[in-house]
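S.K.: Sequence unavailable; structure follows:
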């Protein structure tokens, strides 16, 4: 598999990223008891790039706001949120109007569970999505084809979402993305609750999409799943990206990895050293202006507690650390 | 590409945040109610007396709400009626709150007690509300006692449901289990641990019940089952006005009802906004 | 969407029937006990201004059970009620069941039309407000609902009467069909004309509850995961609300409308009183004021059944029509 990947990487040199996210910050306004308004930061100064033909995994622990990244790209955040930074799609600035125009057509989201399906609507109708009357037949044909490809019987199409089994639901959700001719596919936590076989199968779908030229962003908390199919892996921690590494960097003791956290994650895997990482990820209100990983870092210095490190490019990957070069 | 949020209101209230605006609104409405209540108590009784020289006068500066067929000033009568309504409403919602405290705590004491309480709630909701008040009022021989108790005994259901849900949630907390393991009785736990948590709920519940209580009192009185015809209650005033509608004395019906509406609205606003302060999730809309 | 599950439906009906029987027993005992407490002399009411001999009076006292113990009186009453005889109305001087039949038909026409009208208008307003959440139109609808919820029903009826009958003169002031006019002589048009103002008044008030509920529910649905996903797939505007919002809000709204039978009846009592509409509500007030105990008890029972049916319909929708309930069950 590494040959193919290397080729992909070579292709990439010189080519433009399909999606560029730069310095993205996201926060929410909330009222607390007594109607005092507070601001809750979810994402701060996050950057990433997604390339056509590649799978980029964004790995981070559950509930850390990764899903909101997907919502930010699609422009479907709730109204009490504030977003800053810049995004570019095919070299063009991704404005709210542009997002509205592109979503569902060029950018597709694969949601994480059946709660993202309308409980009162038949599955087939949902997969087809809303379309004008004249396109209805074309869409129906396409839906039937996709269902066949994913080994979903016609009867499944007549079911309501709550009647689907776990594996079926996953395939139905994936098939929604194929209805459009999306160039950028964002899969939000597509793997939890799947057995080994369905997991591999699901991951294969994403790999296939990338092979057909799509850019796939796989948002997951499961680093093992990410390692199976990704070309690059971005490590999401406390609202930002600590490192973006190529898949080849994950080997041996992780000596090619740039950030101490990524290395610790790698070494925590059962097939490696199986070493648990001490400490916990800081909450937003526990951050005090320094490196977000300061509390748990093995190579920290005095300097790290004050200065937020900038993202820098080191040997083909990106890292946010003061002490690597 | 930033999605900004509208934070400030418009006009006069610009520059105040939601918390300040909410508190201001509550204070203003409370002031209004206090004023109505105080002026109803200290009103000059001579203005309520009959004066046959000034019968059936349309609203004017001297008589802003006009006068009735006995020459009584409708503004003074309305104010007195509102004061009466507020007091009856307060009394009745206090009774309701008390009932829901007792039943709410009772429901926390075990499965049998809990099903009894929910059976009672269902029972009270199964007869049309107004009819039930009338029945109770008749049973108590009518009058002020009848209507106060009738209204009081029928408005506890919604608050009891809230309290039951709240208690269920508190009961899952660790310190309740610890108390139980120490052998404390259910009643002890209900009194020492659960009740203090619920006091704000009860206060809010009482205010939220208040408008319903006032409206039901007025309705029942209007129908002839409530306060006696000698009292200047809003229900009485409006039922009397019916005889003079055809004659075109519209002010007899219009102003008293409108004033009642404003009082009810004021209490509603207070309850609604207090609720927002206590539970900020409601403020996000 | 609806898969009828016969066995469950049969069990459901059986449970409901048993529940209704228990309810009627408890309600009848409670209301019987309540009116027993009141200082009422049925004989005096029946006699009214007539002059009777002491012998006749004794017969009447025997008939109305003045000296019979309460428990025996109740059992007698229940025994007769089971045979369909609810006694005679003291004020109308005819069987209670006949009074109720006639009056309830009139009330039902009023309540049904107001129920439908308020449901449709309220749902529509709620959808508009929820869709335009936060805009001036939402605020206008919300304000309108708040004011309506604070409005005394009978006062609104009075104001309607003032405007449309006294000022505009579109309707007669005494709207009721005079008792003296025989039923045959009343034309359908007459009936309709007498129905309009009370119906509008009653539905104006019903609109508020359903509109506020629909609005809140729609906002909840519009912030759900599945609407978020639909948005992510490019759906927007009215199409989005129609496809996912309206569908998902309709069932709960209909359920709520069924749960509102109790308030509807209360509203009808007040509205009928103001418009002197010859319905069950007006009869209830008459029966209460003039201490017509048999009629009052009959009305309590029939209105309890009315409310029960509303609640049962709501339950039926909840358990058998709405697939989301099954979904929650399977998840739990």
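M.R.: Great, that's in hand. Since this is a predicted model, take the numbers as computed values, not measurements. Residues are numbered from 1 along each chain as shown, chains lettered A, B, ... in the order given.

S.K.: Got the domain ranges for chain C?
M.R.: C:2-82, C:96-331 (automatic domain parsing).

S.K.: deepest of the ones you listed, which one?
M.R.: domain C:96-331 (a mean of 19; mean count of other CB atoms under 10 Å in any protein chain shown). In this view, the C-beta of every residue, glycine as well, is placed from N, C-alpha and C.

S.K.: Rounded mean pLDDT for that domain, please.
M.R.: Domain C:96-331 shows a mean pLDDT of 86.

S.K.: Over to stretch B:157-176?
M.R.: In the prediction, stretch B:157-176 has an average pLDDT of 80.

S.K.: Which positions in it come out as buried?
M.R.: Going by neighbour count (16 or more other CB atoms under 10 Å in any protein chain shown), the buried part of stretch B:157-176 is B:157, B:158, B:159, B:160, B:161, B:162, B:163, B:164, B:166, B:167, B:170, B:176.

S.K.: Distance of the residue of the stretch 1-150 of chain C found nearest chain B relative to residue B:212?
M.R.: Residue nearest to chain B within the stretch 1-150 of chain C: residue C:34 (3.5 Å; CB to the nearest CB). Computed as CB to CB, to the nearest Å, the residue C:34 to residue B:212 distance reads 21 Å.

S.K.: Equivalent analysis for residue C:202, please.
M.R.: Distance from residue C:202 to residue B:212, by CB to CB: 18 Å.

S.K.: which regions of the stretch 1-150 of chain B lie under the pLDDT threshold?
M.R.: Along the stretch 1-150 of chain B, the model assigns pLDDT under 70 to residues B:1-15, B:44-48, B:52.

S.K.: The closest residue to chain A within it: how many residues sit nearby?
M.R.: Nearest to chain A in the stretch 1-150 of chain B, going by CB to the nearest CB, is residue B:19, at a distance of 3.9 Å. Neighbours of residue B:19 under the rule other CB atoms under 10 Å in any protein chain shown: 17.

S.K.: residues contacting it?
M.R.: By CB atoms under 8 Å, 6 or more residues apart in numbering or on different chains, the contact list for residue B:19 reads A:34, A:35, A:36, A:37, B:277.

S.K.: Just give the nearest non-adjacent residue to the residue nearest the centre of chain C, would you?
M.R.: Geometric centre of chain C, nearest residue: residue C:265, 2.9 Å, by CA atoms, centre = their mean. Spatial nearest neighbour of residue C:265, chain neighbours left out: residue B:128 (3.9 Å); criterion: CB to CB, 6 or more residues apart in numbering or on different chains.

S.K.: repeat for residue C:263
M.R.: Nearest one to residue C:263, counting by CB to CB, 6+ apart, is residue B:129 at 6.7 Å.

S.K.: Give the full set of residues in contact with the one you found.
M.R.: Residue B:129 touches B:154, B:216, C:262, C:263, C:266, counting by CB under 8 Å, 6+ apart.

S.K.: Grab the most central residue of chain B for me.
M.R.: Central residue of chain B (CA atoms, centre = their mean): residue B:210, at 1.1 Å.

S.K.: Please name the spatially closest residue to whichever residue of chain A sits closest to chain C (chain neighbours excluded).
M.R.: Across chain A, the shortest distance to chain C (CB to the nearest CB) belongs to residue A:104, at 2.5 Å. Nearest non-adjacent residue to residue A:104, counting by CB to CB, 6+ apart: residue C:234, 2.5 Å away.

S.K.: Surely the one you found forms part of a helix?
M.R.: No - read with DSSP: H, G, I helix; E, B strand; the rest coil, residue C:234 is coil and lies in no helix.

S.K.: ok, which stretches of the stretch 1-150 of chain C are helices?
M.R.: Under the criterion DSSP state H, counting those that start in this stretch, the stretch 1-150 of chain C contains helices at C:6-37, C:42-47, C:54-64, C:70-82, C:96-131, C:136-149.

S.K.: export these to a markdown table and tack on distance to residue A:301?
M.R.: Compiled in a markdown table, these are given as follows (distance: least, CB to CB, whole Å):
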| stretch | distance to residue A:301 |
| --- | --- |
| helix C:6-37 | 69 |
| helix C:42-47 | 98 |
| helix C:54-64 | 100 |
| helix C:70-82 | 90 |
| helix C:96-131 | 55 |
| helix C:136-149 | 55 |
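
S.K.: can I get those helices in a markdown table with distance to chain A?
M.R.: Formatted as a markdown table, the helices of the stretch 1-150 of chain C follow (distance: least, CB to the nearest CB, whole Å):
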| stretch | distance to chain A |
| --- | --- |
| helix C:6-37 | 17 |
| helix C:42-47 | 56 |
| helix C:54-64 | 57 |
| helix C:70-82 | 44 |
| helix C:96-131 | 14 |
| helix C:136-149 | 13 |
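
S.K.: near chain B, which residues of the stretch 51-200 of chain A?
M.R.: Within the stretch 51-200 of chain A, the residues that sit near chain B (CB under 8 Å from any CB of the partner chain) are A:77, A:79-87, A:93-96.

S.K.: For the residues you listed, name the two members farthest from one another.
M.R.: A:80 and A:93 (24.1 Å; CB to CB).

S.K.: So for those two, which residue has more residues nearby?
M.R.: More crowded of residue A:80 and residue A:93, by other CB under 10 Å: residue A:80, with 17 against 11.

S.K.: Does that one touch residue A:30 like I think?
M.R.: Yes - with contacts counted by CB atoms under 8 Å, residue A:80 reaches residue A:30, the gap being 7.2 Å.

S.K.: Distance of the residue of the stretch 201-332 of chain C found nearest chain A relative to residue A:103?
M.R.: Per CB to the nearest CB, residue C:234 is where the stretch 201-332 of chain C lies closest to chain A, at 2.5 Å. Distance of residue C:234 to residue A:103, given as CB to CB: 5 Å.

S.K.: Then residue C:255?
M.R.: Separation of residue C:255 from residue A:103 (CB to CB) stands at 34 Å.

S.K.: Name the residues of the longest helix belonging to chain B that come out as buried.
M.R.: Secondary structure of chain B per DSSP state H: the longest helix is helix B:74-107. Within helix B:74-107, the residues that count as buried by 16+ other CB under 10 Å are B:74-97, B:99-101, B:103-107.

S.K.: and if you look at stretch A:109-128?
M.R.: A:109-114, A:116-128.

S.K.: measure residue A:208 to residue A:177 for me?
M.R.: Applying CB to CB to residue A:208 and residue A:177 gives a distance of 11 Å.

S.K.: Show me which of those two is the more surrounded one.
M.R.: Between residue A:208 and residue A:177, counted using other CB under 10 Å, residue A:177 has the larger neighbour count: 25 against 14.

S.K.: Does the more buried one touch residue A:111 like I think?
M.R.: No - the criterion here is CB under 8 Å, and residue A:177 misses it with residue A:111 at 9.7 Å.
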